[in-house]
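1. Got a sequence here, can you model it:
(one chain, ligands or ions: 1)
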Amino acid sequence: MNQKGQFSLRLIQKCPVCNQDFSTGRIQILDEENNSFLAYLTCANCRSSILVRVMTLPHGLVGNAILTDLNSEEVISFSEEEQINSNDVLFIYDYLAKKGDFIERLKQL
Ligand SMILES: [Zn+2]
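-> Predicted coordinates:
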């Protein structure tokens with residue numbers, strides 16, 4: 001995630017799109033781990049959705065937020081996907097290297 005995509009937690013208290021206070025919006029906790037959680041916020045005013053990952057570190061809370069057009073169910077299904085590993089990359093590389101109509105091959109996947 002790049003710097004522009006990041007808001008401080010303080011900013012997340014207000015909608016980055018319309019400035020509405022998020023306390024009137026909807027907050028769902030999608031995922032919780034030992035020292036971090038993933039929250040999905042929906043602005044009550046403009047319906048913008050913001051995905052927030054907050055981590056608890058020794059010096060305090062650190063949060064990343066991104067605007068998203070995914071709904072919360074989609075976010076959950078993405079976060080449950082396995083991470084891409086080098087075998088996947090090699091598989092695609094191999095796949096692309098083979099001759100044939102690439103689009104047709106994609107349809108067969
Ligand atoms: Zn808003």
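2. drop to CA atoms for contacts and neighbour counts, all remaining ones
-> Will do.
3. in the sheet, who's paired with the residue nearest the centre of the chain?
-> Nearest to the geometric centre of the chain sits L51, at 5.8 Å (CA atoms, centre = their mean). Beta-bridge pairing of L51 under DSSP bridges involves Y40, I66.
4. Which residues belonging to stretch 31-40 are considered buried?
-> 36-40 (16 or more other CA atoms under 10 Å).
5. Export those residues to JSON lines and append columns for distance to L61 and pLDDT.
-> JSON lines is the format used below for these (distance: CA to CA, whole Å; pLDDT from 0 to 100):
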{"residue": "S36", "distance to L61": "9", "pLDDT": "86"}
{"residue": "F37", "distance to L61": "11", "pLDDT": "83"}
{"residue": "L38", "distance to L61": "13", "pLDDT": "86"}
{"residue": "A39", "distance to L61": "14", "pLDDT": "86"}
{"residue": "Y40", "distance to L61": "17", "pLDDT": "89"}
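6. Tell me the one of those nearest Q20?
-> Y40 (15.7 Å; CA to CA).
7. sorry, back to before: who are the contact partners of the residue nearest to the centre of the chain?
-> 38-41, 65-68 (CA atoms under 8 Å, 6 or more residues apart in numbering).
8. ok, the residue nearest to S23 when sequence neighbours are not counted - contacts?
-> Distance criterion CA to CA, 6 or more residues apart in numbering; nearest residue to S23, sequence neighbours excluded, is Q13 at 7.3 Å. Contacts for Q13 were tallied using CA under 8 Å, 6+ apart; they are 21-23.
9. With respect to pLDDT, which of those residues ranks lowest?
-> Across the set of these, S23 stands lowest in pLDDT, at 73.
10. Let me know the secondary structure of that one.
-> For S23, the assignment made with DSSP: H, G, I helix; E, B strand; the rest coil gives helix.
11. how many neighbours does it have?
-> By the criterion of other CA atoms under 10 Å, S23 has 13 neighbours.
12. could you measure it against the ion, distance?
-> From S23 across to the ion, the span is 11 Å (CA to the ion, to the nearest Å).
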